[in-house]
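Asker: Fold the following for me, if possible:
(2 chains)
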Amino acid sequence: MSILEIKNVGKRFGGLQALSDVNLSVAENTVHAIIGPNGAGKSTLLNCLVGKLIPDTGSVTFQGQSLLGRKPHEINQMGVSRVFQTPEIFADLTVFENVVIPSLAARDGSFRMNALSAVRGQGDIRATAEAILEDVNMLDKRHMIASSLSRGDKRRLEMAMCLVQNPKLLLLDEPTAGMARADTNNTIDLLKEIKDKRDITMAIIEHDMHVVFSLAERITVLAQGTPLVEETPENIKGHPKVREAYLGEAQV
Amino acid sequence: MLGLEKKDTSLLIVVAILTMCAPFILNPFPADSALAQFNAGYPDLMQRFVIFGIFAIGFNILFGLTGYLSFGHAAFLGVGSYSAVWMFKLLGYNILPGIFLSVITSGLFALLIGYISLRRSGIYFSILTLAFAQMSFALAYSVLTPLTNGETGLQVYTSDPQYFHSDAMPNIPHLFGQEMQSTYTLDAGAWSFDFNTGYYLCALIMLGMFYLAIRIFRSPFGLMLKAIKTNQTRLNYTGLNPRPYTLAAFVISGMYAGLAGGLMASMDPLAGAERMQWTASGEVVLMTILGGAGTLIGPVLGAGFIKYFENIFSKINDTVLHQWFAFLPDGIEDFLIAIVHPFVGKGWHLTLGLLFMAIVIFLPGGLVEGGQKIARRLGLKKAKDETPAATDTTPAE
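Answerer: Here you go, the predicted structure:
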């Protein structure tokens, strides 16, 4: 069963055809990686999924409902969370507050005038927030201001902020970009753990093949705005078209 | 207590004690001493302290929490004043309907201006609010004269209907017969202290509004507003719609401003267009930043600080200076007066400006940060936000 269906999506920026005729379907409860060289249109595709960009042609459906024309917050409320290339967190607030906010958003919807009850009084929210911080091993840092965290911790926090909402689909934009090998491995372990514990679908955009091959169950290779191949990791290694896209070789 | 954390409760209690004892605290010098110049405990000024305190507390809900810098909040103050005076003209001098209407109309006005201005953020938002406020000011001066009485300012005339007025009731603003201007003066030796009905009414309302602000700061709604200030991108991708949140904050702070305007008219039943001018909008920005934007007590401190300077430093003229330095030889006396002169009297803006610069450069967190630094230096308090320790930094409030 596919949870996300992308059909004939095209997007043009001025003279540049960033995406053309992209067809992609992400099966439920799988990890689907989208790889490709720089400028292949990976990020553009992701932005089309979360409501930041509207594709010129084609359709994007999530669980049978179209995502086109919906605002980012509406798409999130449907169960799609996004992790950014550089962690987007509430830097001036504490780690705990950072997790409380998405938790409140998941419970109360995109707007609720809840001005007279104290945050401290929301027992259920506090409990879920603490549980998720425990999950990512950050409970001891809950009173720290988020901007003072290390890069790896910021990433973990952002992950926790997405997970506390219990998303059905988690989109990850280069979750290990700029990380040391040890941090990368930690992130891989964390993602594997998440995958084992929850019913969750992940779509990962990634450069690092080590990450891709340790996590992905399906891989789509994107080049010059169109998908070249969609395969399992075993079959993608050494696939002639993939080598061509990456290395520019005419023949193998 | 009252649904507040311990820290906030003690802050509220400290503020309550300070406002209730203000007539004593602000009049520390004997009435006929040379330092009586610095006494701020007269009814007019005390009323202004708390009214501008309300104005700044409300402004801080918008600016301190969401980071949206409105440069047109005086418009709501003006609308509040006009509404209150109209109630005096139509219904009579009881201040309740006036205050009620001032909050309602300024809220509606804020809804309109906010709905349009909040389509933009940052400097564009500030410019939009400034434009709206200046438009309101210009309209109040000219086209809307039937409503605002133009340059003369709106006031109550004997020919006004005042449907609920009877001869038994006082002919000045009152609350069920309690005149706002009535003052009881307590003479204690060389000291004299004024207890003014209007001041105590405003002070009680300010305490209520301060309490409400604390509740908003600590609520999920307040947390969302802080999140808007920190990272709107993440907020969008967290499933939250920033527009209604910012609009609600804008309307709430507009209603605070309207309440302040209504109270101002209740203390002195007159409303002029200059109350809406951009300098008045700028003043509340200064108050909030000076005291500490985003802190609970900061805006109140800032309001007190600026109003104190405006009213006390501006009164020190050359005659007063001559009295102070009379003991010195003539040449030195004239020299000192020549140096001090530009900073006092009409030059009080210069002193305030220099102080403002010093605070912004050395204490970006305002007076509250200064108080915290002093407290930490003395080893009294740990580094935690919004300690009531800031109260020892200024004589006002």
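
Asker: In chain B, what helix or strand scores lowest on average pLDDT?
Answerer: None of the helices or strands of chain B scores lower by mean pLDDT, DSSP states H and E than helix B:318-324, at a mean of 80.

Asker: That one packs against which elements?
Answerer: Helix B:318-324 sits against helix B:330-340, with contacts defined as 3 or more Cβ pairs under 8 Å, 6 or more residues apart in numbering or on different chains; DSSP states H and E. All C-beta atoms are positioned from the backbone trio N, CA, C, and that covers glycine.

Asker: thought residue B:28 was touching residue B:40?
Answerer: No - under the criterion of Cβ atoms under 8 Å, residue B:28 is not in contact with residue B:40, lying 9.5 Å apart.

Asker: So between the two, which is more surrounded?
Answerer: Shown here are residue B:28 and residue B:40; by other Cβ atoms under 10 Å in any protein chain shown, residue B:40 has more neighbours (22 against 14).

Asker: Correct me if wrong: that one contacts residue B:308.
Answerer: Yes - using Cβ under 8 Å, residue B:40 is in contact with residue B:308, at 5.6 Å.

Asker: Count the neighbours of residue 147 for me.
Answerer: All of this refers to chain A. Using other Cβ under 10 Å, the number of residues around residue A:147 comes to 12.

Asker: oops, chain B please
Answerer: For residue B:147, the neighbour count with other Cβ under 10 Å is 12.

Asker: excluding its backbone neighbours, what's nearest it?
Answerer: residue B:82 (7.0 Å; Cβ to Cβ, 6 or more residues apart in numbering or on different chains).

Asker: wait, is that neighbour part of a strand?
Answerer: No - going by DSSP: H, G, I helix; E, B strand; the rest coil, the assignment for residue B:82 is helix, not a strand.

Asker: ok, it touching residue B:273?
Answerer: No - with contact defined as Cβ under 8 Å, residue B:82 does not reach residue B:273; the gap is 9.1 Å.

Asker: Overlap of the contact sets of these two?
Answerer: B:140, B:148 (Cβ atoms under 8 Å, 6 or more residues apart in numbering or on different chains).

Asker: the more surrounded of the two?
Answerer: Just comparing residue B:82 and residue B:273: by other Cβ under 10 Å the higher neighbour count belongs to residue B:82, 29 against 25.

Asker: Give the full set of residues in contact with the more buried one.
Answerer: B:140, B:147, B:148, B:154, B:261, B:265, B:271.

Asker: can you pick the most crowded of these?
Answerer: Ranked by the number of neighbours (other Cβ under 10 Å), the contacts of residue B:82 place residue B:261 first, at 33 neighbours.

Asker: Can you classify that one by secondary structure?
Answerer: helix.

Asker: Grab the nearest non-local neighbour of it.
Answerer: residue B:80 (2.6 Å).

Asker: Model confidence for residue B:397, exactly?
Answerer: In this model, residue B:397 is scored at 35, pLDDT.

Asker: Could you pick out the residues of the stretch 151-252 of chain A near chain B for me?
Answerer: A:161, A:165 (Cβ under 8 Å from any Cβ of the partner chain).

Asker: which residues of the stretch 151-252 of chain A fall in helices?
Answerer: For the stretch 151-252 of chain A, the helices defined by DSSP state H, counting those that start in this stretch cover A:151-163, A:181-197, A:209-215, A:233-236, A:240-247.

Asker: just those helices: most buried one?
Answerer: Highest mean neighbour count among the helices of the stretch 151-252 of chain A (mean count of other Cβ atoms under 10 Å in any protein chain shown): helix A:151-163, with a mean of 23.

Asker: and that helix, what other elements does it pack with?
Answerer: Helix A:151-163 sits against strand A:80-83, helix A:95-108, helix A:123-135, helix A:181-197, with contacts defined as 3+ Cβ pairs under 8 Å, 6+ apart.

Asker: repeat that with 10 Å
Answerer: Counting by 3 or more Cβ pairs under 10 Å, 6 or more residues apart in numbering or on different chains; DSSP states H and E, the packing neighbours recorded for helix A:151-163 are strand A:80-83, helix A:95-108, helix A:123-135, strand A:169-173, helix A:181-197.

Asker: Surely residue B:192 and residue B:32 touch.
Answerer: Yes - using Cβ atoms under 10 Å as the test, residue B:192 is close enough to residue B:32 to be in contact (9.4 Å).

Asker: So between the two, which is more surrounded?
Answerer: Shown here are residue B:192 and residue B:32; by other Cβ under 10 Å, residue B:192 has more neighbours (18 against 9).

Asker: Around the residue of the stretch 251-397 of chain B found nearest chain A, count how many other residues there are.
Answerer: As assessed by Cβ to the nearest Cβ, chain A sits closest to residue B:252 within the stretch 251-397 of chain B, at 8.0 Å. Neighbour count of residue B:252, defined by other Cβ under 10 Å: 22.

Asker: now swap in residue A:55 and tell me
Answerer: When neighbours are defined as other Cβ under 10 Å, residue A:55 has 23 of them.

Asker: any weak-confidence spans in chain B?
Answerer: Where chain B drops to pLDDT under 70, the residues are B:1, B:380-397.

Asker: Spatially central residue for it, please.
Answerer: Nearest residue to the geometric centre of chain B (Cα atoms, centre = their mean): residue B:52, 1.4 Å.

Asker: just checking, that one touches residue B:311?
Answerer: No - with contact defined as Cβ under 10 Å, residue B:52 does not reach residue B:311; the gap is 11.2 Å.

Asker: ok, residue 211 - contacts?
Answerer: Answering for chain A, as no chain was given. A:33, A:35, A:172, A:174-177, A:179, A:184-185, A:187-188, A:191, A:204 (Cβ atoms under 10 Å, 6 or more residues apart in numbering or on different chains).

Asker: please go with chain B instead
Answerer: Residue B:211 neighbours (Cβ under 10 Å, 6+ apart): B:2, B:3, B:4, B:8, B:9, B:12, B:15, B:16.

Asker: Which of those residues sits closest to chain A?
Answerer: Set against chain A, the nearest of those by Cβ to the nearest Cβ is residue B:3 (6.3 Å).

Asker: what's the closest non-adjacent residue to the closest one?
Answerer: Leaving aside its sequence neighbours, residue B:3 sits nearest to residue A:118 (Cβ to Cβ, 6+ apart; 6.3 Å).

Asker: who's in contact with the one helix or strand residue B:352 maps to?
Answerer: Residue B:352 belongs to helix B:348-362 when assigned by DSSP states H and E. Under the criterion Cβ under 10 Å, 6+ apart, residues B:286, B:289-292, B:302, B:305-306, B:308-316, B:340, B:342-344, B:347, B:365-367, B:369-370, B:373 lie in contact with helix B:348-362.

Asker: element containing the residue of the stretch 251-397 of chain B closest to chain A, please.
Answerer: Short version, using DSSP H and E: residue B:252 is in helix B:242-267.
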